[in-house]
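# sharing a model prediction with you, sequence too.
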Amino acid sequence: MKGLVPLFIGLFGTFTFSWVGLTVIPNLQIGALNPQMDEEGTDIYPMPQSGMVDRGRRIYAANGCIYCHSQQVRPDYASADIDRKWGQRRSGPRDYVFDRPVQLGKERMGPDLANVGKRGGAEGEKSPAPSGSPAQSPAPGGQPAAANPSPAGAASSQPASSPQPAGAAASPSPAAAASPNPSGEPAMYSEAWHHKHLYAPRSMNPDTRDSNMPAYQFLYQTRRINGDQSADALQLTGADAPPVGWEVVPTYDAKCLVAYLMSRDQSHPLKEVKGGAAPAASPAASPAPGAAAASPATQPPKK
Amino acid sequence: MTPAADIPLKQPAVSATAGEAEQYERALIDASTRVPVLMFYASAMVWLLIGTLLAGFVSFKLHSPDWFSDVSFLTWGRLRPVHMNIMVYGWASMAGMGTAIWLMARLCRTTLRHPLLLVTGAWFWNIGVAIGITGILMGYSTGYQWLEFPPYAALILLLAYALIISWAVLMFRFRRGEQIYITQWYLLGAFLWFPWLYAAAQAMLFVVPVQGVMQAAVGWWYSNNLMFLWFGAIALGTAYYMIPKVIGRPVYSYHLATIGFWTYALFSSWTGMQRLVDGPFPAWMITASIAATILTMIPVATVGLNHHMTMQGYFPVMRYSPTLRFTVFGAMSYTVFSIVGLLISLRSTARYFHFSEASVAYSHLGLYAFFTMIMFGSMYYIVPRLVGREWRYATLIKLHFWASAYGIGLMSLMLLAGGLAQGASQNDPSLPFIESVQSALPYLRGRTLAALLLTASHFIFAYHFGLMLFGLGRTSTVPTFLNPVEAEGSEAHL
């Protein structure tokens, strides 16, 4: 090859071709989407997120959650994502318009999180507590679960999937955190569940001993109990429990991270995506704790 | 086939025809590159050792996750990007730049002007990498793959790079000879593509951020093109120099090389989006990248054929020359890397590999089996010419080669097989999700074993390199051969 000029033009041309083709043109197509709304201008989706959620997203990025968790539901013809109840429809570009950094993910060493907020809190709130639930709301500042005997017969007859009281998932309230149930779990994917899971990923019920998720103990603070136990203290048992007289409480960062997880919800239908039109039509299809208890066989795989 | 007895003795191969003046000129050029190239190499070696230790740690923590879970900067999700970025920007980029500088000086047949510029650039680059990894460890990772460095570290890297590139422009300005050799196309391409890529990605992610999923598209576009247009181009350029040089024979076909180069630039730069298969994107983006991945078989075939035909009849030289052994291993890995890339990209097969460890195998095949092995080969060639000593122990070179070759071979196999097991179970909704993790775990333990092999190989090489750096190599006019050259006159089959 002779001459620098044709070489330079070729190098620049191939680069520009790829840059325009793979980033500029797609950006014209899907780079300036608006939230959708109905004719009256209500029912806006997606909505901008609060400050805590935004900070939680940065904590999610900073601690590399993205290397093991994706946040995208693929269509049913190409994957088992919808069969796994990770979502009711495939994800569309519009689901992410407010996400920065966007966390689509590249690998699944852990389950997909695109709808983890929907799978937990929202459903827990909606589904009524089955009658005869052994779990009672204790007084605020209740004792650690292990130390608190509960209606033993009822609890042990439904060990793993004991349903939780309504509202248990809504917030890390004492009611959720200190449910005096020896089977010991906050409702799956509730805020209290996330905190316990982040602190001690291998302690959950149903059995998570095989999980290889790192523990994020540095997001939690172990401190001496001063007077009453804090409302948001984690209910830990066994080897993970702090010494008597101490408690483990989430830091602000941990609360932001969980707020971010709880905000992950793509259940709202998107006009351009088929299949998600009726998210509320079949509440039983989503892994609400109540539904799971009713028919353990259909309980989604333990994540 | 009888070993080619006289071939290795021809180093540098063309010296048979080169006049004394030419020899003298080469020595002058080599001497002028000594300080900057050694600076790049030594920094790269330090990063390689740190990155290797981190790799072992990361690999181990993946199947034994309860280590140090109360220390924020030792959490897996921070150490993993630190490991990747050290390997990408610390080791691979610095080693690549070192080799590229030396090759450019040789091929432009001009002494290196203003070596201080390069040394300063190397210092700033090191500082940029150090600040970047500190940022990640402190929890300021940006969350974009291979762009985790906080933007201020990226700015330092770009400034450092500006110093380095300005030198390359000077070099071309003073070059002698009309013809621009194949290696120079690749190197010039790499030197220009990298800053465009890096600046474009930084601009679209941090300066004028694009919306939503477009960030992921820009991220994959960047990291994929970094692999091909920066590392791949340097590695192929180096192979085009080293193979003909060591065996003392011109490249088989200039025409094939031209086709290979332009199809490489055109098609491989369009791949990347296949990593987002079935994601929230217009299907044409993904299909375009899959088509481009299929088309990259054209440069793979032409480049592979060209190297093979050049080597034809000279393969026995690999018995002696460390450079050739490493370089040919790397050049062959380019083919393997591309075929694996195709395999995990097609829609029908991607569903068994997507979101699995197979993507880790793919990046290691590219960055290690292909790029790093060629860099090792070039360092075995270049370092003796810079320090005026020969490598001290043939045994250490052999150990280095076999530990690296078996290490990366084992790692790729483990991750591909583990990825397939993991992806297939993910795809079967009747299995609980944790099964897919469980099915990959034995392979991940095997991968830790491979990491131990690679760690051994890198420490052996670093020790050997250190001996050379401190002037403890052999003083000899004959290069270090891997095996004793057999008796003169045993008829070579050339």
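Here it is on my side, so go on. Keep in mind that what you see is a predicted model, and the values were worked out from it rather than measured. Numbering: from 1, shown residues only, chains lettered A, B, ... in the order given.
# backbone dihedrals for the residue nearest the centre of chain B, please?
Closest to where the C-alpha atoms of chain B average out (Cα atoms, centre = their mean) is B:Phe371, at 2.4 Å. Phi and psi for B:Phe371, reported as degrees, to the nearest 10, are phi -70, psi -50.
# residues in contact with it?
For B:Phe371, the contact set (Cβ atoms under 8 Å, 6 or more residues apart in numbering or on different chains) comprises B:92, B:96, B:231-232, B:234-235, B:330. In this view, the C-beta of every residue, glycine as well, is placed from N, C-alpha and C.
# check contacts around B:Met411.
With the criterion set at Cβ under 8 Å, 6+ apart, B:Met411 makes contact with B:361, B:364, B:447, B:450-451, B:454.
# confidence score at it?
If you check B:Met411, the pLDDT there is 96.
# which element is it on?
Following DSSP states H and E, one finds B:Met411 within helix B:394-426.
# distance from the chain centre to that helix, please.
Centroid separation for helix B:394-426 versus its chain: 16 Å, with Cα atoms, centre = their mean, to the nearest Å.
# with stretch B:41-56 instead?
Counting by Cα atoms, centre = their mean, stretch B:41-56 is centred 14 Å from the centre of its parent chain.
# what about that stretch, average pLDDT?
Stretch B:41-56 shows a mean pLDDT of 96.
# same question for stretch B:175-187.
Mean predicted lDDT for stretch B:175-187 stands at 88.
# below-threshold pLDDT in chain A: ranges please.
By pLDDT under 70, the weakly predicted segments of chain A are A:1-2, A:120-184, A:275-303.
# show me the helices in it, by range?
A:4-19, A:25-30, A:51-62, A:116-117, A:123-126, A:152-157, A:174-177, A:191-199, A:252-263, A:289-294 (DSSP state H).
# tell me the helix or strand right after the helix holding B:Met411.
Using DSSP H and E, the helix or strand that follows helix B:394-426 in sequence is helix B:433-469.
# gap between that following helix and the chain center?
Centroid displacement of helix B:433-469 relative to its chain, using Cα atoms, centre = their mean, is 17 Å.
# just checking, what packs against that helix?
With contacts taken as 3 or more Cβ pairs under 8 Å, 6 or more residues apart in numbering or on different chains; DSSP states H and E, helix B:433-469 sits against helix B:20-63, helix B:373-387, helix B:394-426.
# now, of the ones you listed, which is deepest in the fold?
Of all the helices and strands packed on helix B:433-469, helix B:373-387 has the most neighbours on average by mean count of other Cβ atoms under 10 Å in any protein chain shown, namely a mean of 25.
# can you report how many residues lie near B:Tyr198?
The number of residues packed near B:Tyr198 is 19, by other Cβ atoms under 10 Å in any protein chain shown.
# separation between the nearest residue to it once chain neighbours are set aside and B:Ala201?
Among residues not flanking B:Tyr198 along the chain, B:Leu158 sits closest, at 6.4 Å (Cβ to Cβ, 6 or more residues apart in numbering or on different chains). When distance is defined by Cβ to Cβ, to the nearest Å, B:Leu158 is 11 Å away from B:Ala201.
# name the nearest residue to A:Leu234, sequence neighbours excluded.
Closest to A:Leu234 by Cβ to Cβ, 6+ apart is A:Val248, at 4.5 Å.
# how about the residue of the stretch 1-150 of chain B found nearest chain A, what does it touch?
Taking Cβ to the nearest Cβ as the measure, the stretch 1-150 of chain B has B:Gly77 as its residue closest to chain A, at 2.3 Å. Shown in contact with B:Gly77 (Cβ under 8 Å, 6+ apart): A:63-65, A:67-68, A:214.
# which one of the residues you listed is nearest to chain B?
Proximity of the contacts of B:Gly77 to chain B was ranked by Cβ to the nearest Cβ; the top entry is A:Gly64 with 2.3 Å.
# residues near the closest one, how many?
Neighbour number of A:Gly64 under other Cβ under 10 Å is 22.
# still on that earlier bit, give the contact list for the residue nearest to A:Leu234.
A:199, A:220-222, A:233-234, A:236, A:242.
# can you do 10 Å?
The contact partners of A:Val248, by Cβ atoms under 10 Å, 6 or more residues apart in numbering or on different chains, come to A:195-196, A:199-200, A:217, A:220-223, A:230, A:232-236, A:240-242.
# repeat that for B:Tyr144.
Contacts of B:Tyr144 (Cβ under 10 Å, 6+ apart): A:61, A:66, A:101-103, B:81, B:201, B:205-206, B:215-216, B:218-220, B:222-223.
# between those residues, which is nearest B:Phe337?
For the contacts of B:Tyr144, the residue nearest B:Phe337 by Cβ to Cβ is B:Ser223; the value is 14.8 Å.
# so what's the backbone phi/psi at the nearest residue to the closest one once chain neighbours are set aside?
Leaving aside its sequence neighbours, B:Ser223 sits nearest to B:Trp146 (Cβ to Cβ, 6+ apart; 4.2 Å). Taking degrees, to the nearest 10, you get phi 60, psi 0 for the backbone angles of B:Trp146.
# what's the neighbour count on B:Trp146?
Neighbours of B:Trp146 (other Cβ under 10 Å): 19.
# ditto for B:Met311
For B:Met311, the number of neighbouring residues by other Cβ under 10 Å comes to 21.
# for it, give its distance to B:Ile298.
In terms of Cβ to Cβ, B:Met311 sits 20 Å off from B:Ile298.
# same check on B:Trp167?
Separation of B:Trp167 from B:Ile298 (Cβ to Cβ) stands at 34 Å.
# ok, now A:Ala192?
57 Å.
# more crowded one of those two?
Taking neighbours as other Cβ under 10 Å, A:Ala192 and B:Ile298 compare with A:Ala192 leading, 29 against 16.
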